[in-house]
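S.K.: Below: sequence and its predicted model.
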Amino acid sequence: MQTDEEFQIDINGLIMKVTSHLINGDEVFHIIFSDGRPPLIVNEATACGRTWWTSIPQGRQKEAEFFGARIAEKLKNK
């Protein structure tokens, strides 16, 4: 289910179109990139008092951490 949250982030000319979705009560973010790379789905995970961004499905962890942090920054500065 898509929420009303949709926004763009510009990182040195790379435009990320981000939409927020609720899946089983968890908020996930779907990212479409302007450079043609495959879309990415990320969510913020928490375990043992630690929080990090992860990709769904797994396998794009570095991108999830980097782009997830940009999403968190954007949401914090709203």
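M.R.: That came through, no problem.
S.K.: In contact with the residue of the chain most remote from its centre: list those residues for me.
M.R.: Taking Cα atoms, centre = their mean as the measure, the residue most remote from the mean C-alpha position of the chain is Cys48, 21.5 Å away. Contact analysis of Cys48 by Cβ atoms under 8 Å, 6 or more residues apart in numbering lists nothing. The way it works is simple: take the backbone N, C-alpha and C, and place the C-beta from them, glycine included.
S.K.: Could you check how far it is from Gly59?
M.R.: Look at Cys48 and Gly59: by Cβ to Cβ, to the nearest Å, they are 22 Å apart.
S.K.: Glu6 is in what secondary structure piece?
M.R.: Glu6 is located in strand 2-11, with elements delineated by DSSP states H and E.
S.K.: Might you calculate how far that strand sits from the centre of the chain?
M.R.: 9 Å (Cα atoms, centre = their mean, to the nearest Å).
S.K.: Just want the angle from the helix or strand just after that strand to strand 2-11.
M.R.: Next helix or strand after strand 2-11 toward the C-terminus (DSSP H and E): strand 14-23. Between strand 14-23 and strand 2-11, the angle comes out at 160 degrees (axes from the mean of the first three to the mean of the last three Cα atoms, to 10 degrees).
S.K.: Just checking: what are the partner strands of strand 14-23?
M.R.: In the sheet, strand 14-23 lines up against strand 2-11 (antiparallel), strand 26-33 (antiparallel) (DSSP bridges).
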